[in-house]
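In: sequence unavailable; structure follows:
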């Protein structure tokens, strides 16, 4: 079986340790798959990136210019729209919630995973992920697109992390984020020449003709004859080539560079099929295609190749509409406003909104193609989608991973309280479920649901009780009853969300990034900061008016404000380092913890601010948690204070529900010989970051060594304090 093949891989001891079941830890759950249940439904799970509910006309929002999403809308009309769904403030904690059913304070995944984040802030190889769970019911599992749950950095599995975490097949990107746009357009110009990574048309200061070279030195000449066509440079880029303006085919110029990433068009692809790993070079045609199309193509091919003998779950984890914002091929967008968009800047906030619309619309079109080409839907003569949920035994789930990026937020939602915060705009996400189980399709469910509930739902579809199957506290609450019972009462008393800081070696942090007038430490690198129209203040920062031109940079946003203050310049706002929220049906408590600069001491201070709001899901203008509506600001009455005290106690109880247990690296509730054996294998074969790197003096060192062995030894035969769920 797959597990046994992987356990024999000669990958520096990787599989001997990290594949759940290979070392005996939890092996009673990882035996050969049971026979498929006769009525098991297939599952098509579609994840949208940075597409909050504010973008969704299907939910009654979308502002004055919502993206046109007819295919998602058709599925919503034939299924259920969960109109009160929360995820986490950023992508990795949101996605981890889907696949392990536990809140960030249990997984230690608080923000988007970056190259410096340790294995302690990645999905653990000992977790019972959704694909591991569904294998117990005989499912095959494929994922296509963005992974961003673990690795490849600081993880013994490196690029094999999807396989280690249970997926049978993976086609996509482990780190998740598209690379920065190549402003040299493949080496043909100086840096910063082409903001969108391709030569624009003549009307936008470029050209309408030239030679398009491929990595194999083949060439074709392209001429744009109408503005309704893509720019010649975009046509070439879409085909995987590099465009040389105003030239005819001949000997390829020496400056062509087929080894540079370019946003959504050139990406370092990883393919895992069973125990076979292929890292596709950037010069390969498979790595040189519009990313959303690549994700759809891979999903279609895998779904169509299923024999029907086993149920399957296909996760189409779209990268769109995450930055960098970049024009999709014209064939994937409609409308006169989309013509000649090659004149737009990909580094300007104003056109960023338009580009996000285009990218979201392109995602919708490719989603529709997946449905049609796999036989789950068809097209009417007018091109509209015909989707009958009873025509196949497949459940479709569509969800957003977190709120929209601030500069793309649609009114009346609030850009300053968007992705990266626990405010409504940052965590309120679209969730659509369709399939033969839905009674009275087209309904809206207004009860609270959470991203973690999808974990239980996938188990329910497979006939599994996750609270019995998984030997850890699971935060999920059932979703399936809402499908079959239009009168189902709420199954949640509270909802919860949390964002924060991932663990890095020796207390490290992502470097500061100033976007407009706000400093954030969410971007995982200089490139990601600049892709979000930010100014990077980390290593390499050289503004001589603030610091000497030595490039030392700053560690924290508080340090940025210290430098600005001492230079006589205006300080910037600082995004909270930790943002937590809990709500009941009517009220929401937000707790923000921020590291601020204190001019009186020239040091930093920790400020904790709590805010209470009344909120709802009204259409088209909901009650939001905006600063002017904070109920704690002025003389709250006794009833308000009672609500505040109750929600505050609930939040504190939740945050205390996962007690620390030093030495229990596999989190099975006891420190025993299995932990020593696990530590030994990692220390001998890897020695670097792992879940067996434990805290010493409040920090992790990113090593798995004898310091960690001592912690296991000192806690041997300890039964961990019990964790508990709060619903």
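Out: Ah, there it is. Everything numeric in this text was worked out from a predicted model, so none of it was measured.
In: from now on I want contacts and neighbour counts done on CA atoms only, so please keep to that.
Out: Noted.
In: helices along the stretch 301-450 of the chain, start to end?
Out: 349-373, 424-427 (DSSP state H, counting those that start in this stretch).
In: got a markdown table for those, with mean pLDDT, distance to residue 508 and mean neighbour count too?
Out: A markdown table is the format used below for those (pLDDT from 0 to 100; distance: least, CA to CA, whole Å; neighbours: other CA atoms under 10 Å):
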| stretch | mean pLDDT | distance to residue 508 | mean neighbour count |
| --- | --- | --- | --- |
| helix 349-373 | 94 | 30 | 23 |
| helix 424-427 | 98 | 25 | 31 |
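In: out of those, flag the one nearest residue 110.
Out: Checking those against residue 110 by CA to CA gives helix 424-427 as the closest, at 13.3 Å.
In: what lies in contact with that closest one?
Out: Outside helix 424-427, the residues that touch it by CA atoms under 8 Å, 6 or more residues apart in numbering are 52-54, 86-89, 402-404, 413-415, 417-421, 497, 624-625.
In: out of the helices of the stretch 301-450 of the chain, nearest to residue 334?
Out: helix 349-373 (8.4 Å).
In: and that closest one, what other elements does it pack with?
Out: helix 70-77, helix 291-304, strand 378-379 (3 or more CA pairs under 8 Å, 6 or more residues apart in numbering; DSSP states H and E).
In: same for the second one, what does it pack against?
Out: Pointing back at helix 291-304 there. strand 140-146, strand 169-173, strand 312-317, helix 349-373.
In: got CSV for those, with distance to residue 109 too?
Out: Listed next are the helices and strands packed on helix 291-304 as CSV, based on distance: least, CA to CA, whole Å:
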stretch, distance to residue 109
strand 140-146, 17
strand 169-173, 19
strand 312-317, 18
helix 349-373, 26
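In: for residue 227, which of those is the nearest?
Out: helix 349-373 (16.8 Å).
In: what about the closest one, distance to the chain center?
Out: In terms of CA atoms, centre = their mean, to the nearest Å, the centre of helix 349-373 is found 17 Å from the chain centre.
In: quick check: angle from it to strand 312-317?
Out: Relative orientation of helix 349-373 and strand 312-317, computed by axes from the mean of the first three to the mean of the last three CA atoms, to 10 degrees: 160 degrees.
In: show me what helix 349-373 is in contact with.
Out: Contacts of helix 349-373 (CA under 8 Å, 6+ apart): 51, 66-72, 292-293, 296-297, 299-300, 318, 320-321, 325-328, 332-333, 338, 344-346, 377-379, 385, 407-408, 533.
In: would you mind listing which of those residues are buried?
Out: Those of these that meet the buried threshold are 51, 66-72, 292-293, 296-297, 299-300, 318, 320-321, 325-328, 332-333, 338, 344-346, 377-378, 385, 407-408, 533, by 16 or more other CA atoms under 10 Å.
In: chain center to stretch 506-524, what's the gap?
Out: 18 Å.
In: in this protein, where is pLDDT below threshold?
Out: 1-39, 335-339, 547-550 (pLDDT under 70).
In: give me the nearest residue to the most far-flung residue of it relative to its centre, chain neighbours excluded.
Out: For the chain, the residue at maximal distance from the C-alpha centroid (CA atoms, centre = their mean) is residue 250, at 43.2 Å. Counting by CA to CA, 6 or more residues apart in numbering, residue 250 lies nearest to residue 219, which is 7.9 Å off, once chain neighbours are set aside.
In: got the contact list for the nearest residue to residue 571 once chain neighbours are set aside?
Out: Nearest residue to residue 571, sequence neighbours excluded (CA to CA, 6+ apart): residue 561, at 5.2 Å. By CA under 8 Å, 6+ apart, residue 561 lies in contact with 571, 572, 597.
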